[in-house]
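Visitor: Next input, structure requested:
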Amino acid sequence: MKSRNSGRVSAKWLPVLYIGLFFLGTLFTNRFSGPLDSSRQLILTQQHSQELQIVSEDCSTKKIRKL
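Guide: Numbers count the residues shown, from 1 in each chain. Got it, this is the predicted structure:
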């Protein structure tokens, strides 16, 4: 005997399946992209301040050379 839907998902179940997979994806995304730990955040902050200092020193050097 042959099956009626032969392994296909019914059109009625597709929206339910899509919504379920969407929420499952958001759970995994939130779990893996959690907040930065404090040491990592501190390193990033220090690196950013060093970059700003280098840029500001470069700008002040250019101003002095123009005078």
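Visitor: Low-confidence stretches in the protein?
Guide: Within the chain, the stretches with pLDDT under 70 are 1-6, 30-37, 61-67.
Visitor: most residues in a single helix of it, which one?
Guide: helix 38-66 (DSSP state H).
Visitor: That one - contacts with which helices or strands?
Guide: Contacting helix 38-66 under the criterion 3 or more Cβ pairs under 8 Å, 6 or more residues apart in numbering; DSSP states H and E is no other helix or strand. The C-beta positions use only the backbone N, C-alpha and C, and glycine is treated the same way.
Visitor: mind starting the numbering at 400 from now?
Guide: All set: I'll call the first residue 400, so the last point we hit is now helix 437-465.
Visitor: What residues of it count as buried?
Guide: Neighbour counts over helix 437-465 (16 or more other Cβ atoms under 10 Å) mark no residue as buried.
Visitor: Send me the helix or strand containing Phe427 as CSV with only the CA atoms.
Guide: Assessed by DSSP states H and E, Phe427 sits inside helix 413-431. The C-alpha coordinates for helix 413-431 follow below in CSV (Å, rounded to 0.1, in the frame of the first residue of the first chain):
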residue,chain,number,x,y,z
LEU,A,413,4.9,24.3,8.0
PRO,A,414,4.2,27.5,9.9
VAL,A,415,4.4,25.6,13.2
LEU,A,416,7.6,24.1,12.2
TYR,A,417,9.1,27.4,11.1
ILE,A,418,8.1,29.2,14.3
GLY,A,419,9.5,26.3,16.4
LEU,A,420,12.8,26.4,14.6
PHE,A,421,13.0,30.2,14.9
PHE,A,422,12.6,30.1,18.7
LEU,A,423,15.0,27.2,18.9
GLY,A,424,17.5,29.3,17.0
THR,A,425,17.1,32.3,19.2
LEU,A,426,17.7,30.1,22.3
PHE,A,427,21.0,28.9,20.9
THR,A,428,22.0,32.4,19.7
ASN,A,429,21.4,33.9,23.0
ARG,A,430,23.3,31.2,24.8
PHE,A,431,26.4,31.5,22.6
